[in-house]
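**Q** Generate coordinates for the sequence data below:
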Amino acid sequence: MKSLSRHPERHNTHRIGWLRAAVLGANDGVLSTSSLVIGIAASNVTHGAILVSGVAGLVAGSMSIAAGEYVSVSSQSDTEKADTDVERRELVEDEGASMHGRGSREGGSPGSSSLPELSG
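**A** Numbering: from 1, shown residues only. As a prediction, this is how the structure comes out:
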């Protein structure tokens, strides 16, 4: 029987977060900036004032979206790290309980816990 060679896995799911943020940010920016420009243009001001208002709205919106995305990603990362730390502590406690003949918290028999390797 011929053995199968293992190929390296190449997936792009790690890019989904920034792609989603970019698409949503672009849609939000287009709508917000065009609404601002239409509102300013309706007030019968000069072309220069409309242009300056549009650029100012574009810059302000970009900075706002970037700051919001940074906070969102940071808080998600912090939450995932905290959950991983809690799980790691629980696995160590379960292993200790099994070694002392008490079984695991889930009701397993002594010595029956199998600990998965956690990376990171």
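
**Q** Closest to the centroid, which residue in the protein?
**A** Compute the mean C-alpha point of the chain, and by CA atoms, centre = their mean the closest residue is residue 73, 4.6 Å away.

**Q** Could you report the neighbour count for residue 53?
**A** By other CB atoms under 10 Å, 18 other residues sit near residue 53. For every residue, glycine as well, the C-beta is placed using N, CA and C.

**Q** tell me what the lowest-mean-pLDDT helix or strand in the chain is packed against?
**A** In the chain, no helix or strand scores lower on mean pLDDT, DSSP states H and E than helix 16-41, which sits at a mean of 84. Judged by 3 or more CB pairs under 8 Å, 6 or more residues apart in numbering; DSSP states H and E, the packing partners of helix 16-41 are helix 47-99.

**Q** Show me what the helix it packs on is packed against.
**A** The helices and strands touching helix 47-99, judged by 3+ CB pairs under 8 Å, 6+ apart, are helix 16-41.

**Q** In the helix it packs on, which residues are buried?
**A** 21, 25, 29, 32, 33, 36, 37, 40 (16 or more other CB atoms under 10 Å).

**Q** Pull the CA coordinates from stretch 71-84 and hand them back as CSV.
**A** Presented in CSV, the C-alpha positions along stretch 71-84 are these (Å, rounded to 0.1, in the frame of the first residue of the first chain):
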residue,chain,number,x,y,z
VAL,A,71,-10.3,48.5,19.9
SER,A,72,-12.5,45.7,18.6
VAL,A,73,-9.6,43.5,17.5
SER,A,74,-7.7,44.1,20.8
SER,A,75,-10.7,43.3,23.0
GLN,A,76,-11.4,40.1,21.0
SER,A,77,-7.7,39.1,21.3
ASP,A,78,-7.7,39.8,25.1
THR,A,79,-10.9,37.7,25.6
GLU,A,80,-9.5,34.8,23.6
LYS,A,81,-6.3,34.8,25.6
ALA,A,82,-8.2,35.0,28.9
ASP,A,83,-10.4,32.0,27.9
THR,A,84,-7.3,30.0,26.9
